[in-house]
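> got a sequence here, can you build the structure:
(one chain, ligands or ions: 1)
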Amino acid sequence: MQIKIDRNSRTPMYIQIRNQIRAMIFDGRLRPGSLLPPERKLAESLGVNRSTVLTAYRELKADGLVDSHVGRGTMVLSAMSEVSESYGEFDPPLYNQFFSQLSERANDPLLRDLLVVANRKDIISFSAGISAIETDPVEALKGIEEEIVSQPNHEALKHTPTEGFWSLREAIADLMHKRGIGVTPDEILVLSGSQQGIDIAARVFIDPGDVVIVEEPSFFSALQIFSAVGARIIGVPVDDQGMRVDVLEQLLQRYRPKLIYTMPTYQNPSGVSMSLERRRRLLELAYRRKALVIEDDPYSEISFEGARKPYLKELDTYGYVIYLSTFSKILFPGIRIGWMAAPKPIIHQFTMIRQLQDLHANSISQWIVERFLRSGRYDAHVQRIREEYRIRRDIMLDALLEDPVPGLEWIKPTGGYYLWCKLPEGTPNMSLMVNAADRGVSYVPGTAFYLGGKGGQYMRLNYTYPSREDIPKGIERLKEAITATLKRPPHKYPGEEKSIKPIV
Ligand SMILES: Cc1ncc(COP(=O)(O)O)c(C=O)c1O
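Sure thing, here's the model as predicted:
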């Protein structure tokens, strides 16, 4: 009987022994009636305590797989006699051969890597798009446990309708009214984060080969989602007034897309907002060409200066706009609650697809958000994070301006989470990323936000998550990394300017 012990494994040794003997019984290598080695002998041969083997045998006995009698030893039970023969030898599966085309198309580790890097203690992260720890509205969580257990029907522990808790849908409709968008609660679908809304939209609207228009640059997860479903993705450049609607007009005529995906306010990653004129023109073009518009709006409330532009959804008189928003950027990203506001037939179709996914958003999270919205604390909290993030943005801009790196340029954002920078001519982005990580700072390379390996001359810096103290330190490290990368003859990394993989 061959048993291997891995002393570095986190699995206790007695479980390793038990599991291997179980496997031998189930695959027929140990036949009913065969005797297990005496405990002392097995312990000696494996170099473990006798009690370890004893515990393993005791567990096998409790599972009804073996029996032991004084004097006769430990025997595999005949109850296992339905196993007649050993299978013989097989190879493990070649997993890649099983993956669907959709999952292969979605095979991009960027997001996972970003989350890993963002959690590294030694890194000042400008890469994540997450809220400040210092302003987390933790008071929203106080007393929650007691309230939940004292509910007569334990409402927050049960399922909710797929569309979401009615009272949360009402509270979100109220919030939408405050934003200037008139919707009823039944035009709201609560999501497990607004990214889910993009994913459902892709499934509801896109068959392989259908055309989706995106901004260039665009939110990387949206690009990945649309690619995964086999969409033909066409980019429209963004300038300081947002999406170039003159280019859009030509592309609409040529490609007849089903969807236009846009972030009109504080776009991720560029931070720019679309002018009112372009917003109106975009809608007119969508109406003429019969294309639906997804208005993705996580950041509009995080405004620092300037007048708020009307939402596309607010301007839309014919029901072409599907509006997405989220509490990730205002409350906590881990709460995973976002929403969609759309005409009822669209809500219905999204609900059908959503039922196939997670059934509904986490009930406790929905309940916490509803409670927060009804508590009247929302406005004060938004005010607080606006203030804090404006200060952090300014600290980042000041740090960049002090002893500036020649050729490094950026757009000053008037809201949102990000600073979009253009690197000095000829900076190899992948080499820079590695040099930056070596110095303890991370960012997202521009290539993540473009199709086909473009965008290597850009980087996105987040200023909301790193603390006020860390921002200047991180910028210092980044400036050093840029200077060092430009000085050293560029190291050729495989796939430079094509791959967006290595984050560390
Ligand atoms: C433009 C945009 N849309 C959607 C999301 C996803 O947000 P959520 O956490 O609600 O899924 C993000 C998050 O970074 C984003 O920037």
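
> tell me the secondary structure for the residue sitting furthest away from the middle of the chain?
Farthest-out residue of the chain from its mean C-alpha position, per Cα atoms, centre = their mean: Gly71, at 59.8 Å. In three-state terms, and counting by DSSP: H, G, I helix; E, B strand; the rest coil, Gly71 is coil.

> show the end-to-end separation of stretch 146-165, please.
End-to-end distance for stretch 146-165, by Cα to Cα, to the nearest Å: 20 Å.

> average model confidence for it?
Average pLDDT, stretch 146-165: 91.

> and it, which residues are buried?
If you call a residue buried by 16 or more other Cβ atoms under 10 Å, then stretch 146-165 has these buried ones: 148, 156, 160, 162-165. (C-beta placed from N, C-alpha, C; glycine too.)

> so how far is the ligand from the residue farthest from the centre of the chain?
Using Cβ to the nearest ligand atom, to the nearest Å, Gly71 is found at 65 Å from the ligand.

> now the buried residues of stretch 146-165 as JSON lines including distance to Ala23 and secondary structure?
Shown next, in JSON lines, are those (distance: Cβ to Cβ, whole Å; DSSP: H, G, I helix; E, B strand; the rest coil):
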{"residue": "Ile148", "distance to Ala23": "42", "secondary structure": "helix"}
{"residue": "Ala156", "distance to Ala23": "42", "secondary structure": "helix"}
{"residue": "Thr160", "distance to Ala23": "42", "secondary structure": "coil"}
{"residue": "Thr162", "distance to Ala23": "41", "secondary structure": "coil"}
{"residue": "Glu163", "distance to Ala23": "46", "secondary structure": "coil"}
{"residue": "Gly164", "distance to Ala23": "45", "secondary structure": "coil"}
{"residue": "Phe165", "distance to Ala23": "46", "secondary structure": "coil"}
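
> tell me how the protein divides into domains.
13-80, 103-133+380-487, 138-376 (automatic domain parsing).

> hang on, the earlier thing: what separates the residue farthest from the centre of the chain from Thr414, distance-wise?
Using Cβ to Cβ, to the nearest Å, one gets 85 Å for the distance from Gly71 to Thr414.

> same thing with His177?
Separation of His177 from Thr414 (Cβ to Cβ) stands at 24 Å.

> and Glu314, by the same measure?
Taking Cβ to Cβ, one finds Glu314 at 19 Å from Thr414.

> before we move on, what about Ser167?
34 Å.

> so Met243 bridges to which residues?
Partner residues in beta bridges with Met243, using DSSP bridges, are Val238.

> residue contacts, it?
215, 236-237, 262, 264, 274, 278, 282 (Cβ atoms under 8 Å, 6 or more residues apart in numbering).

> so which of these comes closest to Val441?
Glu215 (27.1 Å; Cβ to Cβ).

> phi, psi of that closest one?
Per-residue torsions, Glu215: phi -80, psi 160 (degrees, to the nearest 10).

> show me the beta-bridge partners of it.
Counting by DSSP bridges, Glu215 is bridged to Val236.

> isn't it up against Ile233?
No - between Glu215 and Ile233 there is no contact under Cβ atoms under 8 Å: 10.9 Å.

> more neighbours, those two?
Under the neighbour definition other Cβ atoms under 10 Å, Glu215 and Ile233 were set side by side, and Glu215 has more, 28 against 18.
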